[in-house]
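> My questions are about this predicted structure, shown below with the sequence.
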Amino acid sequence: MSSAPGFWHRLDRFLARLRPHREPLSMLIDGALVALAWNVTYLFRLGFERWLSARPGYDGWVLLGIVAVYMVAFRALRVPQGMWRFSGFGEVRRIALACLAAGLVSAVGVLMLQLVQVPRAVLALHPFVALMALALVRMGYRTLYEHARAQITGSEREVRRALVLGAGDAARRLLAGIHQQGWIVLGLLDDDPAKQGARIAGIPVLGPLSAVTDKAVLRGVTHLVIALPGATAAQRRRAVTLAGGTGLPVLTVPSADELRSGQAERVRDIEPEDLLGREPVQLDEAGIAETVHGRTVLVTGGGGSIGSELCRQLARFAPARLVLVELSEYNLYAIEQELARHFPGLPLVPLIADVKDLPALRALMQRWRPQLVFHAAAYKHVPLMEVDNAWAALRNNTLGTWHAALAAAEASAERFVLISTDKAVNPTNVMGATKRAAELVVSAMAAAHPGTRFMAVRFGNVLGSSGSVIPKFKEQIARGGPLTVTHPEIIRYFMTIPEAARLVLQAAAIGETAQVLVLDMGEPVRIVELARTLIRLAGKTEAEVGIVFTGLRPGEKLYEELLADDDNSVPTSYARLRVARLRQTDVRERVQAWLDALPTTAGADDAQARALLQQLVTEFRPSP
């Protein structure tokens, strides 16, 4: 199939433009068919020689009256509302009832008016001839439509008709291949005045992006495609907002890099970064490369959402060796296979290990001697850790951090970076308290082991990570709803997974020991508005899907903080990054005494775990 749209594409576009006028066109065509059937019936009854000459002079008025009666019957039985491309037995049955009713009324009317020159056979046969004409036209249209669909899509699936937002290079590349995937592009929209009224690859530019709200522009459109990969985040956000308000499913094109690599014909769902609505932080790639290139790098939790993306980002800077430490066999296998496929020259060391196992961590650190250690292994789901799992969270998140940091220091690692969270600030839940305790452990390690730089990176919620709201909302939409939101006023700070990983790398490059780096994450997002946006982008309405407020879960806040009230922060050379200098009073002695007093068994209960956390994290206020 040629990449350029051919006859079948043009035919489908023409029919799509007519579809909003389906009912009046159906009435017009059906009226013409009723009139044609009247003449065919005369021809059948009287033959070629007499079918015109033997008619009475008032036959034209009779025909006009009969057509009017049929139109009333069709309207009463909702025949014009039928979609011809889906015509079947049900549609034919409805037409048959309409024809028989209209034929009976017409015959009674002619007889009552004593129009005796109208042949009785014509009155009797006309409803059946009209039924055959109406049914044949509909069956013919359906056959033509299905053949066109097969020619366009190569299968029996429905033709997808797109309106593309953007008429730049990305749109040109998209048009070069999208028709091969069974798509038909009906038009383009672009804010550039010079492009208004132009045609790109034969497709007209119908107006600016704001014209997407015009019903005339949306005629026949089944999907919207945003083709603005080079636009600013604010411009993309505006396009997403405009498209989401139409009630149609919204897709977008791949990134600029993917378009340049020849993948222009693909379109994808809206991803988390498309909803962020701000420019991702730009970091010092040269400084990161200097820190990572040619070094042995170890990542704990390397198969998790953040850890796996961190491994992808690290691989770009060609470390001498990348050691992947992961407890989940499947996650470890998945990231190892992905990295081996995309970075075939990178030496990988996939290791199954548990950060709660200090001897195992010591052994692997001593064997591989990493210069950089990124500690991403953690339990992070707040409600899950709050009930019946508090001790498990303390052992994994806090003791696991101590084990990893201690093993790294003993192996003479140059840098150790803890991945922390905004929930560590004034924590009200066990997960946040364990991460704040982990930050204090890192501060204590910095004082005890000056040969290693210990630092932490603190950021908010990560869009698209496992357990985050967007994958959950998408799954709920796919099931038909409802979407569950804990509270109508709950807000969160968000960043994307790649952005979070880049921030961690930047921390390793510029961070000094005992520092916590914090990203300026912009304006917070109301979760309920995020839910509504995803519903609109799926082409549904809130009434169809529904949103249910379930109430705040144990330990959950209405809002999160990135810095505690009595913490000080200072700017770095990067506008979006700040350094929090946290309280350090006797932190080494306090933390070590606390660690020494911890139970040695795994059998502590939740109440004991909370009490232990409150001893170290004095600002921890457990929820009732």
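Alright, I've got the coordinates.
> Tell me how many other residues surround the nearest residue in space to residue 614 that is not next to it in sequence.
Leaving aside its sequence neighbours, residue 614 sits nearest to residue 620 (Cβ to Cβ, 6 or more residues apart in numbering; 5.1 Å). Any C-beta I mention is one placed from the backbone N, CA and C, and that applies to glycine too. Taking other Cβ atoms under 10 Å as the neighbour definition, residue 620 ends up with a count of 21.
> Which secondary structure state does residue 620 sit in?
coil (DSSP: H, G, I helix; E, B strand; the rest coil).
> Begin at 274 from now on, thanks
Yep, numbering from 274; the last one is residue 893 now.
> That one and residue 708, how far apart?
11 Å (Cβ to Cβ, to the nearest Å).
> anything in contact with each of these two?
Common contacts of residue 893 and residue 708 (Cβ atoms under 8 Å, 6 or more residues apart in numbering): residue 700.
> before we move on, the earlier item: thought residue 698 was touching the residue nearest to residue 887, still the case?
No. Between residue 893 and residue 698 no contact is recorded; they are 10.9 Å apart, counting by Cβ atoms under 8 Å.
> Can you check which residues contact both of the two?
705, 709.
> mind showing which ranges of the stretch 724-873 of the chain have poor pLDDT?
736-741, 793-795, 828, 833-842, 847-849, 854-858, 873 (pLDDT under 70).
> would you list every one of the helices in it?
For the stretch 724-873 of the chain, helices defined by DSSP state H, counting those that start in this stretch occupy the ranges 742-751, 770-783, 800-810, 815-818, 860-870.
> nearest to residue 372, of those?
Nearest to residue 372, of all those, is helix 815-818, at 36.7 Å by Cβ to Cβ.
> circling back: and the helices of the stretch 724-873 of the chain: which comes nearest residue 831?
Taking Cβ to Cβ, helix 800-810 is the member of those nearest to residue 831, at 10.1 Å.
> Dump that closest one to PDB, restricted to CA.
Taking Å, rounded to 0.1, in the frame of the first residue of the first chain, the C-alpha atoms of helix 800-810 are listed here in PDB:
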ATOM      1  CA  ILE A 800      -5.300  14.700  42.100                       C
ATOM      2  CA  VAL A 801      -8.900  15.000  41.200                       C
ATOM      3  CA  GLU A 802      -8.100  17.400  38.300                       C
ATOM      4  CA  LEU A 803      -5.500  14.800  37.100                       C
ATOM      5  CA  ALA A 804      -8.200  12.200  37.200                       C
ATOM      6  CA  ARG A 805     -10.600  14.400  35.200                       C
ATOM      7  CA  THR A 806      -7.900  15.100  32.600                       C
ATOM      8  CA  LEU A 807      -7.200  11.400  32.100                       C
ATOM      9  CA  ILE A 808     -11.000  10.700  31.700                       C
ATOM     10  CA  ARG A 809     -11.200  13.400  29.000                       C
ATOM     11  CA  LEU A 810      -8.100  12.200  27.200                       C
END
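> what helices or strands is it leaning on?
If contacts are counted by 3 or more Cβ pairs under 8 Å, 6 or more residues apart in numbering; DSSP states H and E, helix 800-810 sits against helix 506-517, helix 742-751, strand 756-758, helix 815-818, strand 820-822.
> so which of those gets nearest residue 319?
For these, proximity to residue 319 was assessed by Cβ to Cβ; helix 815-818 is nearest, at 56.9 Å.
> what distance separates the closest one from the centre of its chain?
In terms of Cα atoms, centre = their mean, to the nearest Å, the centre of helix 815-818 is found 17 Å from the chain centre.
> What are the buried residues along that helix?
Going by neighbour count (16 or more other Cβ atoms under 10 Å), the buried part of helix 815-818 is residue 818.
> Next, the contact list for residue 471, please.
The contact partners of residue 471, by Cβ under 8 Å, 6+ apart, come to 440, 477, 478.
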